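Colleague: Fold the following for me, if possible:
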Amino acid sequence: MERRWGLRPRMDVLDLDTYAMAPPAAALYGVSLDPLPQPLEAGFSEGEELAFGKLKLTVRHAPGHAPGHVVFIDDEHQRVIGGDVLFQGSIGRTDLPGGDPGVLRKSIEEVLYTLPDHYTVVPGHGPTTTIGAERAANPFVNAAGSGMLQQG
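Modeller: Numbering: from 1, shown residues only. This next block holds a predicted model:
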C-alpha cells in the first residue's frame, strides 16, 4: 500500500501492539508477510468525521473484537462499515489477544443497535445484513436480551 499508493495504516493506539506482533506471529506459523508499513501516529477520535471525496464517514469506537476497534457510519447511504463486530447471524471473534466478549456485547448494543433498523451492516467479510435483522434475531446479541453474550 505504502509503496504503490503512499498509504499508511491508521489505527487506534490500543491496537499498535497487536499490529507489531504480526511479523513474529506470521514467522511462528510459517506465513509469508511483506514488511509492514509504519502506521500513522494519529489514531481515531470518537465522532470524528472522515471525508473521501463526497463520502463522509463518522468514526465510532466499538471495541471487543480488538481493543481499539472502530466502525464507520455512513449516514448518507444508511450503512455502517463494521469490520469484525457484527456479522449476519454472528459476531466478531473475542478469543484473540485483546478480545473481550462483554465489551463486544456492549459495543453492539450501544453503538450499532442505536442505529436505525434499515441501516446496512457491511462486515469485514461475509454477506451484508441490516441492523434490524440482527437486533431481532442475532443469536449472540439481540433486542430480546436472549443472546449468548447476554446470558449471565
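Colleague: Quick check: nearest residue in space to P37, chain neighbours excluded?
Modeller: Once flanking residues are discounted, P37 sits nearest to E2: 3.9 Å by CB to CB, 6 or more residues apart in numbering. (Glycine included, C-beta is placed from N, CA and C.)
Colleague: which non-adjacent residue is nearest A26?
Modeller: Closest residue in space to A26, ignoring its immediate chain neighbours: L33 at 3.9 Å, by CB to CB, 6+ apart.
Colleague: quick one, strands of the protein?
Modeller: Applying DSSP state E to the chain gives strands spanning 49-52, 55-61, 70-74, 79-83, 86-87, 90-91, 120-123, 129-130.
Colleague: pLDDT score for the residue nearest to P37?
Modeller: Model confidence at E2, expressed as pLDDT, equals 78.
Colleague: wait, it sits on D34?
Modeller: No - using CB atoms under 8 Å, E2 makes no contact with D34, being 10.1 Å away.
Colleague: Of these two, which one has the most company?
Modeller: E2 (12 against 9; other CB atoms under 10 Å).
Colleague: Quick check: most distant residue from the centroid of this structure.
Modeller: Distance from the centre of the chain peaks at G30, with 26.6 Å (CA atoms, centre = their mean).
Colleague: Roughly how far does G147 sit from M21?
Modeller: Separation of G147 from M21 (CB to CB, to the nearest Å) stands at 30 Å.
Colleague: same check, this time on G43
Modeller: 18 Å.
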